[in-house]
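K.L.:
Next input, structure requested:
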Amino acid sequence: MTKIYTKTGDSGETSLFGGERVPKDHLRLEAYGTLDELNSWLGYSIRAVKSKEVKSLLLELQNRLFDAGSDLATPLTYNNPGFTIPRISSENVTMVEAAIDKFDAELPELKNFVLPGGCKSASRLHIARGVCRRGERAIVALMHKEEINRNLLIFVNRISDLLFVLARFENKLSGIGDVNRTK
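P.N.:
Have a look, this model is predicted:
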């Protein structure tokens, strides 16, 4: 087994998939590092979620976020016929949209702004949503500098919407309901 530390990043650089060396503050690393943080928050959220269906969905999202990280870590110009990089597809976006529609249909109509909070699982999902929005901003910044898979931005945008709906759903299951903003 190889050692976990390689010492190749000790000078403040790392390698993208395909071998290109970039500084560790590169926009690509900011984007996929933020998605990695989001993935960790989803893992933490799973521990508190009440619904088995939500747990299963969050686990699926974790796997797709891993794919999104690979997608971001690999320039679109990378080409190796012997190795396929998982890329976020329109089907991934459709899967998230279907989940939003399903869970949102079980919730009361929104009539006020909702504050982040409520039960433990909803609070964690709201934090994950905030990290997701930061990841979205990082992807937009990267898109201004380099060509990337356009599905990535749409996918991450939909995940933040899904996390909002799932937080509301978890609050409903807990009997707390939405935490409404007061005037």
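K.L.:
Please make it C-alpha for all contacts and neighbour counts, starting now.
P.N.:
Will do.
K.L.:
Name the next helix or strand downstream of the lowest-mean-pLDDT helix or strand in the chain, please.
P.N.:
Across the helices and strands of the chain, mean confidence by mean pLDDT, DSSP states H and E is lowest for strand 21-23: a mean of 57. Heading C-terminal from strand 21-23, the first helix or strand you meet, by DSSP states H and E, is helix 27-46.
K.L.:
counting contacts, what elements does that following helix pack onto?
P.N.:
Applying 3 or more C-alpha pairs under 8 Å, 6 or more residues apart in numbering; DSSP states H and E, one finds that helix 27-46 contacts helix 52-72, helix 120-143.
K.L.:
Next, the buried residues of it.
P.N.:
27-36, 38-39, 41-43, 45-46 (16 or more other C-alpha atoms under 10 Å).
K.L.:
what about that helix, distance to the chain center?
P.N.:
Helix 27-46 has its C-alpha centroid displaced from the chain centroid by 6 Å (C-alpha atoms, centre = their mean, to the nearest Å).
K.L.:
ranking the helices and strands packed on helix 27-46 by burial, who's on top?
P.N.:
helix 120-143 (a mean of 22; mean count of other C-alpha atoms under 10 Å).
K.L.:
okay, it in PDB with CA atoms only?
P.N.:
What follows is helix 120-143, C-alpha atoms only, in PDB (Å, rounded to 0.1, in the frame of the first residue of the first chain):
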ATOM      1  CA  LYS A 120     -31.000  18.900  13.800                       C
ATOM      2  CA  SER A 121     -31.200  17.400  10.300                       C
ATOM      3  CA  ALA A 122     -32.800  20.500   8.800                       C
ATOM      4  CA  SER A 123     -30.200  22.700  10.300                       C
ATOM      5  CA  ARG A 124     -27.400  20.600   8.900                       C
ATOM      6  CA  LEU A 125     -29.100  20.600   5.500                       C
ATOM      7  CA  HIS A 126     -29.300  24.400   5.600                       C
ATOM      8  CA  ILE A 127     -25.600  24.600   6.300                       C
ATOM      9  CA  ALA A 128     -25.000  22.200   3.400                       C
ATOM     10  CA  ARG A 129     -27.100  24.500   1.200                       C
ATOM     11  CA  GLY A 130     -25.000  27.500   2.100                       C
ATOM     12  CA  VAL A 131     -21.800  25.600   1.200                       C
ATOM     13  CA  CYS A 132     -23.400  24.500  -2.000                       C
ATOM     14  CA  ARG A 133     -24.100  28.100  -2.900                       C
ATOM     15  CA  ARG A 134     -20.400  28.900  -2.300                       C
ATOM     16  CA  GLY A 135     -19.500  26.100  -4.600                       C
ATOM     17  CA  GLU A 136     -21.800  27.500  -7.200                       C
ATOM     18  CA  ARG A 137     -20.100  30.900  -7.000                       C
ATOM     19  CA  ALA A 138     -16.700  29.200  -7.300                       C
ATOM     20  CA  ILE A 139     -17.900  27.300 -10.400                       C
ATOM     21  CA  VAL A 140     -19.100  30.600 -11.900                       C
ATOM     22  CA  ALA A 141     -15.700  32.200 -11.200                       C
ATOM     23  CA  LEU A 142     -14.000  29.300 -12.900                       C
ATOM     24  CA  MET A 143     -16.300  29.500 -15.900                       C
END
